[in-house]
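In: For reference, the sequence and a predicted model appear below.
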Amino acid sequence: MPRDLDEPLDEAFRISMVCTGNICRSPMAEIVLRDLVEKAGLSSRVIVTSAGTGEWHVGEHADPRTVAALEARGYDGRSHRARQFDAEWFDTLDLVIALDRSHERVLRSWARTEEDRQKVRLLLGFDPEFAGRSDVRDPYYSDAAMFDAVLAEIEHACTALFRQLEPAFRRSPAR
């Protein structure tokens with residue numbers, strides 16, 4: 001289990017963002033959502049991580065275009081290292097955010113219980129601006145402009161997700 005999912009913040013709400021290789025979309029989503037959490041002063045109550053459904057890039061940095069897009073908007077993605085999602089993580093995660101329907105299907109197939117399956121949600125499903133769309137576009141085979149556009153989508157959707165979760169974090173005592 002990754003150290004960040006096993007940190008001594010037992011009361012923390014744990015979220016994992018998941019895409020294919022954990023080098024483009026899910027690192028963007030992790031960094032954006034973590035930034036929102038930190039700016040709200042909720043870092044002790046919310047842990048945000050990311051992973052991929054595949055193992056191709058485990059241990060690698062985020063794609064350089066991901067790092068550049070993040071940097072251009074004031075985020076730091078240089079320390080990211082890719083990892084593969086492990087079904088055992090469902091035990092400690094409260095929410096698993098899939099970046100597209102293929103990730104959602106894989107994650108739900110890995111879930112061992114109905115409770116675990118219910119933890120899996122699509123990122124765009126939290127944002128009414130994206131009604132009718134379920135997939136965050138994969139920029140991997142595209143150019144820097146697509147990475148910027150995808151990051152903008154992710155920022156918008158993560159903001160919508162955070163707006164829905166934040167009142168519960170502020171209202172309820174640490175778990």
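Out: Nice, I can see it.

In: top helix in the protein by residue count?
Out: helix 144-171 (DSSP state H).

In: mean confidence for that one?
Out: Helix 144-171 shows a mean pLDDT of 94.

In: packing partners for it?
Out: Secondary structure elements in contact with helix 144-171, counted by 3 or more C-beta pairs under 8 Å, 6 or more residues apart in numbering; DSSP states H and E, are helix 25-39, helix 64-72. Yep, even glycine has a C-beta here, placed from its N, CA and C like the rest.

In: Just the element for residue 97, please.
Out: Take DSSP states H and E as the rule and residue 97 turns out to sit in strand 95-98.

In: now the helix or strand of the chain with the lowest mean pLDDT, how far from the chain's geometric center?
Out: Least confident helix or strand of the chain, by mean pLDDT, DSSP states H and E, is helix 144-171 with a mean of 94. Here the centre of helix 144-171 is set off from its chain's centre by 10 Å, with C-alpha atoms, centre = their mean, to the nearest Å.

In: Run a quick neighbour tally on residue 144.
Out: 13 (other C-beta atoms under 10 Å).

In: Now do the contacts for it.
Out: Residues touching residue 144, when contacts are defined by C-beta atoms under 8 Å, 6 or more residues apart in numbering, comprise 65, 68-69.
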